[in-house]
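Student: Give the three-dimensional model of this entry:
(3 chains)
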Amino acid sequence: MSSQTARSNLMALPAIAWLGLFMIVPCLIVFAYAFLTRGLYGGVEYTLTAENFLRVIDPLYAQIFLTSVRIAGLATLFAILIAYPAAYAICLAPKRLQPILLFFAVLPFWSNYLIRTYAWIVLLNREGLINNALRWFGYDGEPLSLLYSEGAVIVGLVYNYLPFVILAIYSSLSRLNGELIEASRDLGASRVRTFWRVTLPLTMPGVAAGGVFIFVLSIGNFVTPALLGGGRFQMIGNLVYDQFLTANDWPFGAALGMVLIAVMIALLLLQARASARFSGETAEARHG
Amino acid sequence: MNERMSKPVLSVDMVVKHFGKTIAVNGISLDIRENEFFALLGPSGCGKTTLLRMIAGFEAPDSGVIRLDERDITRDAPEKRPLNLMFQSYALFPHMTVWQNLAYGLEMEGLPRGEIATRVDDMLTTTDLTALAGRKPAELSGGQKQRVALARALIKRPKVLLLDEPLGALDKKLREKMQLELKRLQSEVGITFIIVTHDQEEALVMADRIAVLRDGNILQCGTPQEIYEQPANRFVAGFIGMMNFIDGEIGTDALFRAGGQALACDLHGLKRNAPAVLAVRPENIRLVSDGTGIAGTVVDVAYHGLDRQLYVKTALSPAPLQVRVAAAGPEEAAARTGASVSLGLNAAACRLFQE
Amino acid sequence: MADALLIKLTGRTILVLVFGFLYLPIAVLVLLSFNESGLPTSWSGFSLRWYVSLAGNSDILHAAWNTLVVAVVATLIATVLGTMLAIGMETRKRRSTPLEALAFSPMVIPDIVLAVALLTLFSRLNVTMGLHTIIISHVIFDLAFVCSVVRARLKNFDFSIVEASRDLGASSFTTFWRVTFPVLLPAIVAGALLAFTLSVDEFIIAFFTAGAGRASITLPMQIYSMIRFGVTPEINALATLVMGVSATVLLISQWLNKEQMTR
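Tutor: Below you'll find the model as predicted:
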């Protein structure tokens, strides 16, 4: 090992230690818990079992799992359908405006998640703004119950994570060499064909990155289903929360958490491989 | 050889450097004399930059010794070596002004403030940068950055100044101007310069001596004239300037034969009765009018202002020979595509090589 | 060209719609916070009464103070660790995949999983939980974000200036403080500001690692319980203030990073 590598490792060491101690070790403990038995009065008993994972596929919980996948999938789909045109529109704007537009597109993402979710309660409420607006336009039926539904949860997720998906797609769109588009047009392809045959395939890594991001964050989400889905509506995140804080079944909660981690790792690996295949720019030389 | 009796200021002795399995510098030895303008010339990947970085102290040789004024500096840290490097990217500190960039190296020597100020101001005057003293690097043009980088290295009054492709980032016009500028500055300050370049013209114009490198070895070391007129091998011959190569063989009668022609050249110890390559520069081929020369047809003409380059197809070689003729004058008539010409080679200026 | 005009118009329309979608809900909250009645049903006049009542709410002030303590301390620790990590990663000769994964995972791990994992760790070790455990937990993702911002800067950092400094006679210690650090400083501050806003806004991990009782309640925890159990109009005012602070901090952070890049 060269002295430079030794110095670099030394610099990274405190952070590695912190992450190891407070992220890796706790995750390993949770992983171990997932194979233990629930104690009588909370806590755990050291009896090895695979029962916690079997319970995950119990119809009752499998149902929640499938709901979570469906909701996360729909949120991902809608977010991409909105974010792609949005990112494209930002790319069409004058060059000096683009960073500003992008900054303001991403700004809400860094502000308080709870508050942004709460804003939708105000909008979707039975006495909320949308119902008010409808009445103002002459609608006089029962107020619509928009809140506390799967739809509300999906809207909340799309709203909260859209900025990041725009950012991911924009960064791959803006890296696209404009001459490629011109070359395609020059070779006789229409705008539409150029988009399908050149632009879209080349920006798939951005779409994949944004899509995986919103899917992973949605499927393990706790706040949005809790606030916009109403008390009884559950996704995996809420189930994990319940096992730890109300049902006191930590081993089962641990198993559910591990399932979330497994889904996350699988998707990230898939995305890394897909974007490597699409862009072929993995073996880029580093400085020097 | 143009022998100078001054002692070597820097000597590199059997220096070897590997990067993983690839060998970057393969046992190079060099003596660089006081006040010399020395060029390390070669294509990219030949090891010239690695050699320079080992002299500066940024890479450690696997084996071999580097001496400065007869003192072994091989293991010294870069900041302990009384020589300075001008970086290819200039490496100006972006958060400091021109003045602060120049003062930095003197501050590191712990000089008193007053002396630093005097020396910085003097150097700014010498390099004509006084008006830019308060600017930051981002506010400078490429040529100005280059001058600041040079000034920053020179102000330390190093024993040896190392320059890594100092003109590489400049456009052609500015490059030619700065070549002369650098040469003038070098003789003015009396510091030994070692320059790394891949541009043979740059090396020929500026250097007192040139070492041509390839694959981590020195192929030839000598004055520009020696390298141009007596290249040591086929690679050097082809790398420096324009060159025609003619494949043929040396007969038992010591004549070089190719395409039905025989030529008497200096064999300088080459094997007889064996294949050989003849190298001749375009300016050493003449058009002859008495019909005794080698017959050929002009296939292409390139106009260069002062002269023309003719491409003449002959029986000597599959590729057309390059011939340089004056743009105006009696040879003008031949300078058109399709013309039949007769060529004469200046045998004294031809070189023979055997692989 | 009619074609080009059409594309331009479509682009503008999309931008208006998307920005409308992103900012309208926020704008409604801000507007409501100044509504005398506090109700979304009707506008009954401009008033600052909800801000005044906020200032008199000791629960909220207590939570705000806790949040500030957590965010400041966590940001300080995370900035040092994250910057060092970034330098360590970018000066390596070869990329280390495990290290890349380690530095990346705090940004993607589901927060509920990290939250229960930390709860498990602290309760196993019988650590009394409070602000200190929230700080320890926040440093995890804070340092990952600081690291990614500083690394982005290091990617177009000309490492030859470090060598130039050594060449001009500076030791590696002097070089760090006189050259590397000043050049990186704007990125470090930008990363720190980002970490600060993330810490101020984080809810679930704080909720799980705060321990029992109200002693170490933070602002997001307070907001969550206000949303869940009885929405009072005060929350609109609180939301407006919190978002205003985040937006300001982020604007400064962005501006610093831009300054740097254009240099």
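
Student: Alpha carbons only: can I get stretch B:190-200 in PDB?
Tutor: The C-alpha trace of stretch B:190-200 is given here as PDB (Å, rounded to 0.1, in the frame of the first residue of the first chain):
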ATOM      1  CA  GLY B 190      21.000  32.200 -16.000                       C
ATOM      2  CA  ILE B 191      19.000  29.300 -14.600                       C
ATOM      3  CA  THR B 192      19.200  25.800 -16.000                       C
ATOM      4  CA  PHE B 193      15.900  24.900 -17.700                       C
ATOM      5  CA  ILE B 194      14.600  21.400 -18.300                       C
ATOM      6  CA  ILE B 195      11.600  21.300 -20.500                       C
ATOM      7  CA  VAL B 196       9.300  18.400 -21.300                       C
ATOM      8  CA  THR B 197       7.600  18.600 -24.700                       C
ATOM      9  CA  HIS B 198       6.100  16.400 -27.400                       C
ATOM     10  CA  ASP B 199       6.500  19.100 -30.000                       C
ATOM     11  CA  GLN B 200       9.800  18.500 -31.900                       C
END
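
Student: quick one: that stretch near chain C?
Tutor: No - on the criterion Cβ under 8 Å from any Cβ of the partner chain, stretch B:190-200 is out of touch with chain C, staying 13.8 Å away. The C-beta positions use only the backbone N, C-alpha and C, and glycine is treated the same way.

Student: All the helices of chain B, residue numbers only.
Tutor: When assigned using DSSP state H, the helices of chain B occupy the ranges B:48-56, B:98-108, B:113-126, B:142-154, B:172-189, B:200-206, B:224-229, B:234-239.

Student: doesn't residue B:60 make contact with residue B:53?
Tutor: No - the pair residue B:53 / residue B:60 is not scored as a contact, 9.9 Å apart, by Cβ atoms under 8 Å.

Student: who's more crowded, those two?
Tutor: residue B:53 (21 against 12; other Cβ atoms under 10 Å in any protein chain shown).

Student: how long is stretch B:337-347 end to end?
Tutor: With Cα to Cα, to the nearest Å as the measure, stretch B:337-347 spans 26 Å from end to end.

Student: from the middle of its chain, how far away would that stretch be?
Tutor: Distance of stretch B:337-347 from the chain centroid (Cα atoms, centre = their mean, to the nearest Å) equals 31 Å.

Student: Stretch B:272-288 too?
Tutor: That offset, for stretch B:272-288, works out to 24 Å (Cα atoms, centre = their mean).

Student: Give me the spatial nearest neighbour of residue A:255, chain neighbours excluded.
Tutor: residue A:52 (3.6 Å; Cβ to Cβ, 6 or more residues apart in numbering or on different chains).

Student: which residues are contacting the helix or strand containing the one you found?
Tutor: According to DSSP states H and E, residue A:52 maps onto helix A:51-56. Residues from elsewhere that reach helix A:51-56 (Cβ atoms under 8 Å, 6 or more residues apart in numbering or on different chains): A:34-35, A:37, A:61-62, A:65, A:251-252, A:254-256, A:259.

Student: any idea how far residue A:221 is from the most centrally placed residue in chain C?
Tutor: For chain C, the residue nearest the mean C-alpha position is residue C:198 (2.4 Å; Cα atoms, centre = their mean). Distance of residue C:198 to residue A:221, given as Cβ to Cβ, to the nearest Å: 17 Å.

Student: Show me what the residue of the stretch 151-300 of chain B found nearest chain A is bridged to.
Tutor: Of all residues in the stretch 151-300 of chain B, the one sitting closest to chain A is residue B:164 (12.8 Å; Cβ to the nearest Cβ). With beta bridges defined as DSSP bridges, residue B:164 has these partners: residue B:196.

Student: Isn't it up against residue B:91?
Tutor: No - the pair residue B:164 / residue B:91 is not scored as a contact, 9.7 Å apart, by Cβ under 8 Å.
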